[in-house]
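In: when you get a sec, could you give me coordinates for this:
(one chain, ligands or ions: 1)
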Amino acid sequence: MPARFKTIIEPFRIKTVEPIRWTTREEREDLLRRAHYNLFQLPADAILIDLLTDSGTAAMSTRQWAAMMEGDESYAGSKSFERFHRAVQDIFGYKHVIPTHQGRAAERILFSVMCKKGDVVANNTHFDTTRANIEFLGAEAVDLPICEGKDPADPHPFKGNLDVEALERLIERVGAGRIPLVMLTVTNNSGGGQPVSMENVRAVRAVCKRHAIPLYFDACRFAENAYFIKLREAGYGHKTPKEIAQEMFAQGDGCTMSAKKDGLVNIGGFLCTNDDTLAQQEENLLILTEGYPTYGGLAGRDLEAIAVGLHEALEEEYLRYRIVSTAYLGRHLAELGVPIVQPPGGHAIYIDARAFLPHVPSPCFPGVALACQLYLEGGIRSVEIGRLMFGQHAQMDLVRLAIPRRVYTQSHIDYVVEVIGQVWKQREQIRGLRLTYEAPFLRHFTARLEPI
Ligand SMILES: Cc1ncc(COP(=O)(O)O)c(C=O)c1O
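Out: Model prediction:
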């Protein structure tokens with residue numbers, strides 16, 4: 001639509017609604033205590049605005065619901081798989097497409113086949129499940145974000161980029177033989193939802209090619225990344241997000257994908273590769289735990305919803321609304337003086353908890369403390385991405401406000417801004433926390449804490 005008016009509206013109208021529930025402050029105090037100050041442990045109906053994640057929380061479209069009715073639930077060779085396969089190949093272009101129940105299943109299979117003990121995997125920033133799946137195999141996950149990506153205030157347009165010189169140094173230090181693959185996470189979730197430029201993709205590809213190291217994408221938010229390239233990188237303004245995504249994936253050898261993000265579905269994922277031998281090994285593993293290769297742990301109807309969702313996520317009207325509405329939250333928080341990762345990411349706004357709570361040192365989990373306070377004050381659930389999630393590897397202590405796709409309206413976001421503004425005014429009273437229980441890996445999901 002021509003930009004005649006400056007207001008960018010939600011490019012949909014609402015057909016089905018779901019009530020949300022108010023709780024009292026006393027109830028929330030009690031709920032927090034019983035959840036051991038871990039917001040993952042809260043019952044969802046005790047939350048007013050749930051910004052825990054943008055994963056699997058999207059509202060599906062009428063077209064997706066209609067497609068689900070076409071779901072072919074045949075065990076093998078279903079029509080739904082054909083449609084899913086066609087949709088994925090159209091955008092991603094890889095030879096083999098292996099459905100999985102979600103992203104981490106694709107990761108587990110990929111790394112089980114490609115990595116062994118002592119190997120090293122480089123990434124702009126590994127997501128928690130990616131890192132955990134690599135470490136579970138006894139391999140090392142190395143994050144190589146550019147310097148600007150580690151500074152929350154730096155306004156670099158492609159803070160998700162991988163530091164190409166650092167990659168060269170890593171290869172020189174450990175040897176290409178110990179690096180079974182390099183990954184690029186688009187957009188870089190743990191680094192603030194920041195995009196990776198096409199120039200960086202090409203530069204990483206060139207290094208990988210020189211050392212015969214395969215390049216894989218962690219493609220969860222590929223459509224948002226493509227739109228950022230369109231907006232910010234010279235030479236891409238006239239291209240469609242789909243063309244940009246195709247160009248990007250053509251630089252790689254495969255990908256893992258959680259369709260719960262830019263697939264606009266509530267469950268699903270896939271693994272792609274151009275390598276016939278690897279694909280065979282991956283399908284064998286898939287059969288062991290996920291299912292037959294034409295459903296991979298999903299129902300036929302789920303495959304249908306993904307096939308439609310992947311293309312809807314690339315529609316320009318949708319992407320414009322998506323990026324602008326996330327930036328709206330960021331802009332209003334920044335205007336209040338709240339320190340956020342700049343520029344705003346695609347799927348989330350990240351509050352810099354170290355700058356918000358300078359009196360709470362990192363080992364006392366400033367991100368968790370702030371997330372708990374947002375819940376206490378206004379029933380908002382967010383997530384810490386920092387010391388609790390990544391332990392010593394944490395480069396920053398952030399609180400992520402992830403925006404579910406097509407779920408909340410502008411007034412919900414205005415409410416969130418008001419609550420955070422209130423917490424900002426009272427920030428000096430917020431105390432840190434200490435751990436009372438932690439699991440051996442992915443501890444943030446089940447950790448128990450108490451106020452200091
Ligand atoms: C960048 C990234 N990679 C991988 C995953 C894992 O996907 P899933 O939750 O579907 O297992 C996520 C999920 O949030 C993610 O953000």
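
In: ok, now which ones touch Cys298?
Out: To be clear, residue 298 is Leu; Cys isn't right here. Contacts for Leu298 (Cβ atoms under 8 Å, 6 or more residues apart in numbering) come out as 99-101, 267-268, 291, 306. From N, CA and C alone the C-beta is placed, and that goes for glycine too.

In: and the residue nearest the centre of the chain, how far is that from Cys208?
Out: Nearest to the mean C-alpha position of the chain, by Cα atoms, centre = their mean, lies Asn189 at 4.7 Å. Using Cβ to Cβ, to the nearest Å, one gets 21 Å for the distance from Asn189 to Cys208.

In: swap in Gln64?
Out: Gln64 is 35 Å from Cys208, where distance means Cβ to Cβ.

In: over to Glu438?
Out: For Glu438 relative to Cys208 (Cβ to Cβ), the value is 36 Å.

In: neighbour-wise, which of those two wins?
Out: Cys208 (24 against 14; other Cβ atoms under 10 Å).

In: could you grab the helix/strand/coil label for Leu184?
Out: Counting by DSSP: H, G, I helix; E, B strand; the rest coil, the backbone at Leu184 sits in strand.

In: spatially nearest residue to the closest residue to the ligand within the stretch 51-200 of the chain, not counting backbone neighbours?
Out: Nearest residue of the stretch 51-200 of the chain to the ligand: Gly103, at 2.6 Å (Cβ to the nearest ligand atom). Using Cβ to Cβ, 6 or more residues apart in numbering and skipping the chain neighbours, the partner closest in space to Gly103 is Ser258 (2.8 Å).

In: so where do the strands sit in the protein?
Out: In the chain, the strands defined using DSSP state E lie at 49-50, 96-100, 120-123, 140-143, 182-185, 215-218, 254-258, 269-273, 348-352, 380-381, 383-385, 398-402, 433-437, 448-451.

In: what separates the first one from the chain centre, distance-wise?
Out: Going back to what we said before, that points to strand 49-50. 17 Å (Cα atoms, centre = their mean, to the nearest Å).

In: run through the neighbouring helices and strands of it.
Out: strand 380-381, helix 410-425 (3 or more Cβ pairs under 8 Å, 6 or more residues apart in numbering; DSSP states H and E).

In: and for the second one?
Out: Under the contact definition 3+ Cβ pairs under 8 Å, 6+ apart, strand 96-100 sits against helix 79-92, helix 103-114, strand 269-273, helix 276-289.

In: contacts only, for the closest residue to Arg406 other than its chain neighbours.
Out: Leaving aside its chain neighbours, Arg406 sits nearest to Ala59 (4.3 Å; criterion: Cβ to Cβ, 6+ apart). Contact analysis of Ala59 by Cβ under 8 Å, 6+ apart lists 404-407.

In: how does it look with 10 Å?
Out: Neighbouring residues of Ala59 by Cβ atoms under 10 Å, 6 or more residues apart in numbering: 12, 14-16, 18, 264, 266, 404-408.

In: now do the phi/psi pair for it.
Out: Torsion angles at Ala59 (phi, psi; degrees, to the nearest 10) stand at phi -90, psi 130.

In: identify each buried residue in stretch 384-391, please.
Out: Going by neighbour count (16 or more other Cβ atoms under 10 Å), the buried part of stretch 384-391 is 384-390.

In: again, but for stretch 54-66
Out: Going by 16+ other Cβ under 10 Å, stretch 54-66 has these buried residues: 54-61, 64.
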